[in-house]
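Q: sequence-free structure coming up:
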């Protein structure tokens, strides 16, 4: 017996398409779609139009590959950003996360992923060549690796450091750094994993009043 | 400081519209929208079109008010369904849930909600008059109340039973029944709440081999 007998083909199709979104099962999809039916038709039209507009008109910054409305993104084209520092991130969300801290005023480079042999993602699938080109122009003084602290992120950091070494830039012109790893602010030492706690001891920094 | 600086207005708008869906926060919305960007444009177009088509072309069965592609739904227009029994449910999902059991061959009546003074939903907001009209035609022999076993569901059952009594149908022509309440199949008595367990004792049924 068919356990999902939809009373309407239109409903079934809308649910099937919605359920293709990640993390949205068919039950959730049905709930979302029936919600739209209860709301004003305008809401559905606006939602659909905004998704299609984004998908059709999306552009990526030709410099850092972040999503952008223009050929060059607001950050790359902002004269007040420090052009000598590039923060290497995996994706758009991570640009937004770093921006939200308000602690960074340099540029970004969005790789579009990390090296992950398990998922079949190699260096050729990432925006690495364009990063090397940016470094070759000689304006950059520091690269900050801001990838996730995972096996894949570390592998990618290592690969990038080797590629950068192969550029044979003049000694002392480019500093490589990585986000500090340590205990989370507000966290409890008792519940911090030993690898992280160990790193926070090894990488301890000079005490400053006010944290 | 703005904690959500979107790199693109198109992206921001798509996220805002997606985040209007129930249970979808802005982080989830961003994840869904960026997923669509990684996929073929056709997927976004199909999703958007299916939602708009449903919203614009949806119809409700003039008999039972279930969602339908036609003036009368597949169940109401099916000659092989038992026209003497009506199962009263809250919404479309509940029609699908009862259909999925394969244990019911009668018709439905979708109320479109339950009486809930807390939410400002009174009898006038539900498809109750049309149910009374269906009963007045004299073909129906049994009404099954299949609303959720909640305060609101019970209140609605009670209200409907009073309205049906007021129809003053000839004695013995219409039977009112309600879904059995008892222990869930596969459940453990130890973890069954006492109200449910109490009901399952009071409403015990004759033992049948094979459950």
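A: Okay, I see it. Everything numeric in this text was worked out from a predicted model, so none of it was measured.
Q: low-confidence ranges in chain A?
A: A:1-4, A:210-211 (pLDDT under 70).
Q: For it, which segments count as helices?
A: A:9-18, A:26-38, A:41-57, A:92-101, A:129-136, A:151-166, A:194-202 (DSSP state H).
Q: could I get the ones you listed as TSV with distance to chain B and mean neighbour count?
A: (Glycine included, C-beta is placed from N, CA and C.) Listed next are these as TSV, based on distance: least, C-beta to the nearest C-beta, whole Å; neighbours: other C-beta atoms under 10 Å in any protein chain shown:
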stretch	distance to chain B	mean neighbour count
helix A:9-18	4	21
helix A:26-38	5	18
helix A:41-57	4	18
helix A:92-101	5	17
helix A:129-136	17	15
helix A:151-166	17	16
helix A:194-202	24	12
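Q: nearest to residue B:166, of these?
A: Residue B:166 sits nearest to helix A:26-38 of all those, at 30.1 Å, using C-beta to C-beta.
Q: which other helices and strands contact that closest one?
A: helix A:9-18, helix A:41-57, helix B:41-57, helix B:92-101 (3 or more C-beta pairs under 8 Å, 6 or more residues apart in numbering or on different chains; DSSP states H and E).
Q: switch to 7 Å and redo it
A: Counting contacts by 3 or more C-beta pairs under 7 Å, 6 or more residues apart in numbering or on different chains; DSSP states H and E, helix A:26-38 is packed against helix A:9-18, helix B:41-57.
Q: For residue A:44, find the nearest of those.
A: helix B:41-57 (4.0 Å).
Q: Give me the contacts around that closest one.
A: Helix B:41-57 has contacts (C-beta atoms under 7 Å, 6 or more residues apart in numbering or on different chains) with A:10-11, A:13-14, A:17-18, A:20, A:33, A:36-37, A:41, A:44-45, A:47-48, A:51-52, A:55-56, B:36.
Q: what's the nearest residue to the residue most central in space within chain A if we skip its chain neighbours?
A: In chain A, the centroid-proximal residue (C-alpha atoms, centre = their mean) is residue A:91; its distance is 2.2 Å. Nearest non-adjacent residue to residue A:91, counting by C-beta to C-beta, 6 or more residues apart in numbering or on different chains: residue A:110, 6.3 Å away.
Q: Generate TSV for the helices and strands packed on helix A:26-38, with distance to residue A:83 as supplementary columns.
A: Formatted as TSV, the helices and strands packed on helix A:26-38 follow (distance: least, C-beta to C-beta, whole Å):
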stretch	distance to residue A:83
helix A:9-18	43
helix B:41-57	34
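Q: how about those helices, which one is nearest residue A:100?
A: That would be helix B:41-57 among those, by C-beta to C-beta, at 26.8 Å.
Q: Distance from the chain centre to the lengthiest strand in chain A, please.
A: Counting residues, the longest strand in chain A under DSSP state E turns out to be strand A:82-89. How far strand A:82-89 lies from its chain's middle: 15 Å, per C-alpha atoms, centre = their mean, to the nearest Å.
Q: Contacts for it next, please.
A: A:95, A:98, A:104-111, A:131, A:134, A:139-147, A:160.
Q: Over to stretch A:121-129?
A: Contacts for stretch A:121-129 (C-beta under 7 Å, 6+ apart): A:65, A:109, A:110, A:111, A:112, A:113, A:115, A:159, A:163.
Q: re the thing from before, by how many degrees do the longest strand of chain A and helix A:151-166 diverge?
A: 140 degrees (axes from the mean of the first three to the mean of the last three C-alpha atoms, to 10 degrees).
Q: Next, find the distance separating the closest residue to residue A:6 other than its chain neighbours from residue B:40.
A: Distances taken as C-beta to C-beta, 6+ apart place residue A:12 nearest to residue A:6, at 3.8 Å, with adjacent residues excluded. Plainly put, residue A:12 is 21 Å away from residue B:40 if you go by C-beta to C-beta, to the nearest Å.
Q: try residue A:111
A: On the measure of C-beta to C-beta, residue A:111 and residue B:40 end up 22 Å apart.
Q: what about the two, which has more around it?
A: Applying other C-beta atoms under 10 Å in any protein chain shown to residue A:111 and residue B:40 shows that residue A:111 carries more neighbours, namely 22 against 10.
Q: if I pick the more buried one, what's in contact with it?
A: Counted by C-beta under 7 Å, 6+ apart, residue A:111 has contacts A:88, A:90, A:126, A:127, A:128.
Q: The same query, at a cut-off of 8 Å, please.
A: A:65, A:88, A:89, A:90, A:91, A:126, A:127, A:128, A:131, A:147, A:156 (C-beta atoms under 8 Å, 6 or more residues apart in numbering or on different chains).
Q: just to revisit the earlier point, what residues are bridge-paired with the residue nearest to residue A:91?
A: Judged by DSSP bridges, the bridge partners of residue A:110 are residue A:89.
Q: quick one, which of the helices and strands packed on helix A:26-38 is nearest to residue A:81?
A: When those are compared (using C-beta to C-beta), the closest one is helix B:41-57, at 31.6 Å.
Q: now the closest one against helix B:9-18, angle please.
A: 40 degrees.
Q: related to what we said a few turns ago, was I right to think the residue nearest to residue A:91 contacts residue A:96?
A: No. Contact between residue A:110 and residue A:96 fails when scored by C-beta atoms under 8 Å: they sit 10.9 Å apart.
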